[in-house]
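> structure for the following, please:
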Amino acid sequence: MSDGSAGNAPQGNPKSAYFLSHADEEIERRTLAVMVDNEPGVLARVVGLFSGRGYNIDSLTVAEVDASQHQSRITIVTQGTPHILQQIEAQLLRLVPVGEVIDITKSKRGIERELALVKVAGKGEARVEALRISQIFRANVIDTTNESFIFELTGASDKITQFVDLMRPLGLVEVSRTGVLSIKRGKEKG
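Here you go, the predicted structure:
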């Protein structure tokens with residue numbers, strides 16, 4: 001009897017879309033920019049598409065990008081086999097308020113960034129070390145007291161995760177992250 005853990009298939013709910021056919025394919029991470037009409041219920045429909053089919057969203061950011069056209073950009077970071085990722089793109093495009101789906105990850109010209117606010121409390125050497133590390137990472141101190149700092153850090157998700165990991169032993173109190181934002185280099189839209 002199989003437990004659903006064969007090959008590179010992820011562990012978890014065997015009823016998830018990740019456990020269907022193509023389970024022997026490698027899991028890939030993708031960042032999708034989804035251009036949508038800015039109207040009530042659009043975000044719920046997009047998220048419902050993911051949850052209804054057992055797909056996971058690792059990161060989600062949404063904002064209006066063109067008020068005159070009433071358009072918003074939803075940036076979604078997800079994972080799956082190439083087959084599942086193709087299905088996600090195709091199903092997103094079938095939603096009526098979705099105008100375009102851009103796979104930023106596949107583009108050599110894609111840029112991804114994330115913003116984080118990181119609160120660290122400490123005294124003495126731990127405080128000095130936290131400040132020294134923040135300078136190495138080019139984090140800005142946006143608030144300080146005699147016993148804490150709040151750092152603002154922008155960069156790739158891995159950079160932010162590394163900064164947070166280094167702050168843990170120095171008195172990490174709280175982390176707030178925006179999720180991934182993405183755009184393509186050059187003059188073309190995307």
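> show me the longest strand that occurs in the chain.
Using DSSP state E to define each element, the chain has its longest strand at strand 110-121.
> so the residue nearest in space to the middle of the chain, which state does it fall into?
In the chain, the C-alpha nearest the mean C-alpha coordinate belongs to residue 59, at 3.1 Å (CA atoms, centre = their mean). With DSSP: H, G, I helix; E, B strand; the rest coil as the basis, the three-state label of residue 59 is strand.
> and it, what does it touch?
Taking CB atoms under 8 Å, 6 or more residues apart in numbering as the criterion, residue 59 is in contact with 75, 76, 77, 114, 157, 179, 180. The C-beta positions use only the backbone N, C-alpha and C, and glycine is treated the same way.
> show me the domain layout of this structure.
By the record's domain assignment, the chain is partitioned as 17-103, 110-184 (automatic domain parsing).
> now these in CSV, with mean pLDDT?
Supplementary listing: the domains of the chain in CSV, determined by pLDDT from 0 to 100:
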stretch, mean pLDDT
domain 17-103, 90
domain 110-184, 96
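> how about the strands in the chain?
Ranges of strands in the chain, per DSSP E, are 28-37, 57-66, 71-80, 98-103, 110-121, 140-144, 148-155, 172-177, 181-184.
> in a markdown table, list the ones you listed along with distance to residue 166.
Listed next are the strands of the chain as a markdown table, based on distance: least, CB to CB, whole Å:
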| stretch | distance to residue 166 |
| --- | --- |
| strand 28-37 | 23 |
| strand 57-66 | 21 |
| strand 71-80 | 23 |
| strand 98-103 | 32 |
| strand 110-121 | 10 |
| strand 140-144 | 16 |
| strand 148-155 | 11 |
| strand 172-177 | 9 |
| strand 181-184 | 23 |
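> looking at these, which is nearest to residue 90?
With CB to CB as the criterion, residue 90 lies closest to strand 98-103 of the strands of the chain, at 8.8 Å.
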